[in-house]
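Student: with the input below, show me the fold.
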Amino acid sequence: MGLSMTLMRNGYLTLMMPELTRERLERAALVVSIAPSREFSAKERFAIRQFIENGGIFILTAGYDKSRASRSLLAEYYI
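Tutor: Numbering: from 1, shown residues only. The predicted model follows:
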């Protein structure tokens with residue numbers, strides 16, 4: 001909630017996104033995913049890649065104990 005309040009104080013409208021779709025990402029400038037509970041599907045990973053390539057900012061946070069669901073997405077960007 002603290003992150004949401006900070007973003008709102010700086011001019012962002014924060015919304016919860018129960019489903020990550022390309023259409024929803026197209027209308028966003030910034031997406032923050034906090035410790036996702038399930039792995040991102042191939043379709044979601046593709047939508048995220050397009051979002052980033054089109055200038056969007058995607059922030060993913062997860063502690064090691066909550067990182068399993070994020071690994072497939074992060075593996076696509078690991079160099």
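Student: so where is the protein shaky, pLDDT-wise?
Tutor: By pLDDT under 70, the weakly predicted segments of the chain are 79.
Student: and the next helix or strand past the lengthiest helix in it?
Tutor: Counting residues, the longest helix found in the chain (DSSP state H) is helix 42-53. Using DSSP states H and E, the next helix or strand after helix 42-53 towards the C-terminus is strand 57-61.
Student: what residues of that following strand count as buried?
Tutor: Of the residues in strand 57-61, those buried under the neighbour-count criterion (16 or more other Cβ atoms under 10 Å) are 58, 60. (Each C-beta comes from the backbone N, C-alpha and C, glycine too.)
Student: tell me which strands and helices it is in contact with?
Tutor: Under the contact criterion of 3 or more Cβ pairs under 8 Å, 6 or more residues apart in numbering; DSSP states H and E, strand 57-61 touches strand 30-34, helix 42-53.
Student: sheet partners, orientation included, of it?
Tutor: Using DSSP bridges, the strands paired with strand 57-61 are strand 30-34 (parallel).
Student: next one: the partner strand to chain centre, how far?
Tutor: 4 Å (Cα atoms, centre = their mean, to the nearest Å).
Student: check stretch 43-58 too.
Tutor: 9 Å.
Student: just stretch 34-47 next, same as before
Tutor: Between the centre of stretch 34-47 and the centre of its chain there are 8 Å (Cα atoms, centre = their mean).
Student: ok, stretch 72-79 next?
Tutor: What separates the centre of stretch 72-79 from the centre of its chain is 14 Å, taken as Cα atoms, centre = their mean.
Student: next one: stretch 64-77
Tutor: Per Cα atoms, centre = their mean, the displacement of stretch 64-77 from the mean C-alpha position of its chain is 12 Å.
Student: contacts for it?
Tutor: Contacts of stretch 64-77 from elsewhere in the structure, counted by Cβ atoms under 8 Å, 6 or more residues apart in numbering, are 33, 35, 36, 37, 38, 39, 40, 45, 48, 49, 60, 62.
Student: can you count the residues close to the closest residue in space to residue 36 that isn't next to it in sequence?
Tutor: With Cβ to Cβ, 6 or more residues apart in numbering as the measure, residue 69 is the residue that lies nearest to residue 36, at 4.6 Å, once sequence neighbours are left out. The number of residues packed around residue 69, counting by other Cβ atoms under 10 Å, is 16.
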